Each structure stands twice: as C-alpha cells, then as structure tokens.
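Chemist: okay, predicted coordinates and the sequence, questions at the end:
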Amino acid sequence: MRKQLITLTGSLFLLQALPAAANYDQHPRTEEFIAEVTKEYNLPAEEIRDWLAHAEKMDSVLEAIQRPAEKTKEWDEYQDIFLTSKRINAGKAFMQKHATLLAEAEKQYGVKKEIIAAIIGVETFYGTRQGGYRVLDSLSTLAFDYPKRPIFWRELKAFFALAEEEKLDPGTIKGSYAGAMGYGQFIPTSYRAYAVDGDGDGKRDLWANPADAIFSVANYFKRHGWRSGEAVTQRVHVSGDKFESVVNDSLKPKWTVAELKALGVKPTTALADDDPASLIRLQGKHGAEFWLGEYNFYVITRYNHSRLYAMAVYQLSEALH
C-alpha cells in the first residue's frame, strides 16, 4: 500500500491505503472519458487519469447491479423488508429527534414530513446504513465494465465534478454499489442538482448532517412536482376485465379517474373525475391488490423507478404518523 498526495484544482486530497488498481487509466475508453470530463467540467486531465489509475474493479458491484430487489421480489416479500416494526419504531424516533428540522422542511417545500422520513428510512435506515463501497470504485467499475447502463458513465463524470465543488476527497467517499451517497442516497448528478445547505453552514453534507439530508430530500420532491396537500394512493376495487389493458402500463398517470372508472375501477375515496391516475396491481400476501396511483405516487417513483419502492415509502410514511 502507498500514500500519495493529489491536488484536484487547487484542493489537497489524501489518497491512503488504496486497494489494488484496475488500470482504468489504461482502458480503451479512458481518453474519451477524460476528454469529456475536461470539456464539461474543466477539470485537469492528469488528475482525473491519476484517480482512475487508483480505482479498483469491484466484481461484487457488477453482480449486485444485475439483481436489484425490485426485479426479483413481489410486494408480499418486499414489504417484509421495509415495513418491519423495527424500521417503523426507528422512524418514529428519527422524527422525534429531528422534529424541528422536519417541520421546517415541510413548511418550506410543502412535502409531508412523514414522506421525507420514510424516504430516508427506506434508503438508509435513517442514515445508519449509507453503504460501504468507495464510490470511486463502484462508479468506475460500472462506467467502464457495465456498458449496458451508460448512466454510470455520466455519474462518474459528475462524481469528479462534485468532489471538486464540495472540496471532497474522491478516494474516501463511501456509498452504495450504484454510487448513491448519504442519508438519502443521492447519485452524483442528483447531489449536484438537488442537495441544499439545510442549516446554513456553507456546506452540503448529506453524509453527516441531518439538516442538509432532510432539506435535500424535500427539495428533490418539490423540484419533481410534489403536490402539497394531495394524496398519494388508495386501494381500489376492480370488476370485469377491461382494466387489464391499463394495469401497470405506466408509472406516470396517463389516464383520468373517469377513464379508469369506465374500465371497471372503483375508488374507495372520492376523487375528481379529471384527476390523473394510474392503476397499480401488486401481488400481496393475500393475492392481487389494486391501487390507484395519484400524481404524488408518480413523484415518489422519480426517486426510484419502482412501484414497489413507492408503495413501501407510502406505507412506511403512513405508519410514522
């Protein structure tokens, strides 16, 4: 192991006890990547190259990215992960501890405090499980060795830009196998776009500062169109078989309530006929469950593009009242 000092655009970073390198500085696409980073973010080419030289290929990352829970589990199993008494009780304690921050965020952004807490609860068990991968390693692995998801090429570039902007050490930043970071698990582009300084200390620290984390999650939802005061979802009844043509057809609500009613969908709570909605079918513990996805349900899926995820956040938020 070796210790090396690296300067990234005027900032000093310490690279210590690095794992075995994967030679990403010599990959066939290295020059292309460096050219894009220098053009888009005006970062020094040689320093980016040096960081790539010290990134480690993580086979565990490549394995994990191909088996996300949303693709392998049904709702009857998924809810057992996120709707436990342990997570609910920890969420109530989190809300009590940060009651003032959550109330301020709700007032400023119009996002229910229970939704904010539920997001953090689902993502990192209220900040206690933020991920143990070096983001430099996970994103380099996915950018260069998982070409079927070009999003990670973009995220690795944004990661270097984020490190420079926030004066962070790229070699020590930890996160998930997909490069998500902090309480709310923001990927680099989301961190740069939606993270806010919640307590006014001049920093956007989503790893250790609950104020920044809470306000950033609320800001994310507001920026993605959260409708203050509106519901998220409700159980519905279905009849006939016409509804089959629209069930689970889109995350974004592309039908009106009136159109869904005409297909045999019966809401349990009154809604305006012209309200946008989607019809959701989940495999629950007692068979199929049908839900009406209102616009705020869709907004939750902007955080994670999964109906199971959105339902877990919603039901956890309800349990935190």
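Modeler: Here it is on my side, so go on.
Chemist: how about the one helix or strand Val313 maps to: buried residues?
Modeler: Secondary structure from DSSP states H and E places Val313 in helix 307-319. Neighbour-count burial for helix 307-319, counted by 16 or more other C-beta atoms under 10 Å, picks out Arg307, Leu308, Tyr309, Ala310, Met311, Ala312, Val313, Tyr314, Gln315, Leu316, Ser317, Ala319. To be clear about C-beta, it is placed using only N, CA and C from the backbone, and glycine gets the same treatment.
Chemist: how about stretch 240-247?
Modeler: Residues Phe243, Val246, Val247 are the ones in stretch 240-247 that count as buried (16+ other C-beta under 10 Å).
Chemist: thinking the last one is in contact with Ile280, fair?
Modeler: When you say that, I think you mean Val247. Yes: counting by C-beta atoms under 8 Å, Val247 sits close enough to Ile280 to count as a contact (7.4 Å).
Chemist: need the residues touching each of these two.
Modeler: Taking C-beta atoms under 8 Å, 6 or more residues apart in numbering as the contact definition, Val247 and Ile280 share the neighbouring residues Phe290.
Chemist: if we can go back for a sec, greatest separation within the buried residues of helix 307-319: which pair is it?
Modeler: Farthest-apart pair in these is Arg307 and Ala319; separation 18.5 Å (C-beta to C-beta).
Chemist: which one among the buried residues of helix 307-319 gets closest to Val61?
Modeler: Using C-beta to C-beta, the shortest approach to Val61 within the buried residues of helix 307-319 belongs to Tyr309, at 20.2 Å.
Chemist: thinking again about what came up before, same list (the buried residues of helix 307-319) but as CSV, adding pLDDT and distance to Ile119.
Modeler: Written out in CSV, the entries for those read as follows (pLDDT from 0 to 100; distance: C-beta to C-beta, whole Å):
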residue, pLDDT, distance to Ile119
Arg307, 97, 16
Leu308, 97, 14
Tyr309, 97, 10
Ala310, 98, 10
Met311, 98, 13
Ala312, 98, 10
Val313, 98, 6
Tyr314, 98, 11
Gln315, 98, 13
Leu316, 98, 9
Ser317, 98, 8
Ala319, 98, 14
